[in-house]
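**Q** Below is the sequence, then the predicted model.
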Amino acid sequence: MIIDIIYTSLIYAIYYTARIIPIIAIGIFVTNFAIYTGLMKKLDWLIYPISSTANISTISALSVVTCTFSTTAGYSMLADGLNKKTISQQEVIVTTIISSFPSILSHLFTFFFPVVIPILGLTTGSLYVCIVGLVSIIKSCTGIILAKLWLPKKYQDQNTQLHAPDQADNKAKNNKSALTKSTKSTYRMVKKIVITMFIMLFLVSVAFEMNFFDYFSAVLDPITSSLGLESEVALISATEIVNSYAGIILAGNLQSEGLVSTKGVLIALLLGTVISLSARSVKHSLPLHISLFGPKLGSKTVAINAVMTFIIDVLFIAILLII
């Protein structure tokens, strides 16, 4: 039994480390290469409006833009800036919050459009996508407000070296030199991240294999019953806790058979997110954040984002129950 758990957890840790590390490496490499060659300056038209509006540095604004394509790559840029002490811990936190909506956009063509809407149907699927989008927009707007409150007005101008390297780095404008410097910088940082990420993923997998988070399922029945919802709602929520795709498929099947309403499906999926939020944060977000930002800041970032999502999701569930 113990041997099986260790073996399964090792495979899980190896698989996801091998899957995520290349994306992190690419994110860090691209950031360094853009800085050393002066390419960052050419992105001013896109980056400056974000940095000035949100009162964040250019590297953080670039991270927000990158999250539209890959959250992992975007966060890797933040980790690189934090490691070089060009951005603060507070800025890392607010930037991850601001990145909520761009991160959702990255899933539009990989999950929401090809999976959610076809399975749940145009009406229910579109409503669910809109709710998820609104949740992320509210989070992003909150992040901008926090940035304006936490970070000084002049903060956005403190990282001008990201646009124009100093005299010592002028030679890096040569592509070959920039490539070498970027590769070395990326290697040093990724080497530290790999070890932390592997250990975290292994420990998390062990916890799940030992059914540490099973209590979530037991909570659902009394909650749905007290809210006067269909019994199928608890089944959808419990399934979504285990696997998002399975929860969506089950919801689509039950709705097509007339066993659950559109309102029931929306509440079930949101309730599944609320109940499983801490488990998902531990399994997916925590290893990545700790490996990139360190134990203290990584845990704080995950906790703040999770609490915000939890509160907003509960608010939307309450609105759906009233309607």
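**A** Received it, and whenever you're ready, just let me know what you need. Every value quoted in this text rests on a predicted model; they were computed, and no experiment measured them.

**Q** rounded to a whole number, what's the mean pLDDT of the host helix or strand of Ser63?
**A** In this structure, Ser63 is located in helix 58-66 according to DSSP states H and E. On average, the pLDDT along helix 58-66 is 88.

**Q** roughly how far is that helix from the heart of the chain?
**A** 14 Å (Cα atoms, centre = their mean, to the nearest Å).

**Q** Give me the helices and strands touching it, please.
**A** Contacts defined by 3 or more Cβ pairs under 8 Å, 6 or more residues apart in numbering; DSSP states H and E place helix 58-66 against helix 2-37, helix 44-54, helix 71-83, helix 89-98. Heads up, the C-betas are built off the backbone N, CA and C, glycines and all.

**Q** so which of the ones you listed comes closest to Ala251?
**A** Proximity to Ala251 (Cβ to Cβ) singles out helix 71-83 among the helices and strands packed on helix 58-66, at 24.9 Å.

**Q** shaky segments in the protein?
**A** 35, 38-46, 153-174, 208, 211-221, 223-225, 230-231, 241-243, 275-284 (pLDDT under 70).

**Q** hmm, back to that, and the helices and strands packed on helix 58-66: which comes nearest Leu108?
**A** When the helices and strands packed on helix 58-66 are compared by Cβ to Cβ, helix 71-83 sits nearest Leu108, at 13.2 Å.

**Q** outside of the closest one, which residues touch it?
**A** For helix 71-83, contacts defined as Cβ atoms under 8 Å, 6 or more residues apart in numbering pick out 20, 23-28, 30-32, 57, 59-60, 62-67, 87-89, 92, 95-96, 99, 102-103, 106, 159, 185, 189, 193, 288-289, 292-293, 297.

**Q** how about 6 Å then?
**A** Contact with helix 71-83 is made by 20, 23-24, 26-28, 31, 59, 63, 66-67, 87, 92, 95, 103, 292, as judged by Cβ atoms under 6 Å, 6 or more residues apart in numbering.

**Q** what about dumping the CA coordinates of that helix to CSV?
**A** The C-alpha trace of helix 71-83 is given here as CSV (Å, rounded to 0.1, in the frame of the first residue of the first chain):
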residue,chain,number,x,y,z
THR,A,71,-0.2,31.7,-16.8
THR,A,72,2.9,29.6,-16.0
ALA,A,73,5.1,31.6,-18.4
GLY,A,74,3.6,34.9,-17.1
TYR,A,75,4.3,34.0,-13.4
SER,A,76,7.8,32.9,-14.4
MET,A,77,8.5,36.5,-15.5
LEU,A,78,7.4,37.7,-12.1
ALA,A,79,9.7,35.2,-10.4
ASP,A,80,12.6,36.4,-12.5
GLY,A,81,11.9,40.0,-11.6
LEU,A,82,11.5,39.1,-7.9
ASN,A,83,14.8,37.2,-8.0
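
**Q** if we can go back for a sec, between the helix holding Ser63 and helix 2-37, how big is the angle?
**A** 120 degrees (axes from the mean of the first three to the mean of the last three Cα atoms, to 10 degrees).

**Q** So for this protein, the centremost residue is which one?
**A** Nearest residue to the geometric centre of the chain (Cα atoms, centre = their mean): Thr71, 5.8 Å.

**Q** Got the phi and psi for Cys67?
**A** Backbone torsions of Cys67, given as degrees, to the nearest 10, read phi -60, psi -20.

**Q** and it, what does it touch?
**A** Cys67 touches Gly74, Ser99, Pro102, Ser103, counting by Cβ under 6 Å, 6+ apart.

**Q** Same list, the residues you listed, but as JSON lines with neighbour count please.
**A** Listed next are these as JSON lines, based on neighbours: other Cβ atoms under 10 Å:
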{"residue": "Gly74", "neighbour count": "26"}
{"residue": "Ser99", "neighbour count": "27"}
{"residue": "Pro102", "neighbour count": "20"}
{"residue": "Ser103", "neighbour count": "22"}
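
**Q** need the contact list for Gly27.
**A** Going by Cβ under 6 Å, 6+ apart, Gly27 touches Ala73, Ser76, Met77.

**Q** What separation is there between the second one and Ala268?
**A** Here the criterion is Cβ to Cβ, to the nearest Å. By it, Ser76 lies 34 Å from Ala268.

**Q** Val65 too?
**A** 34 Å.
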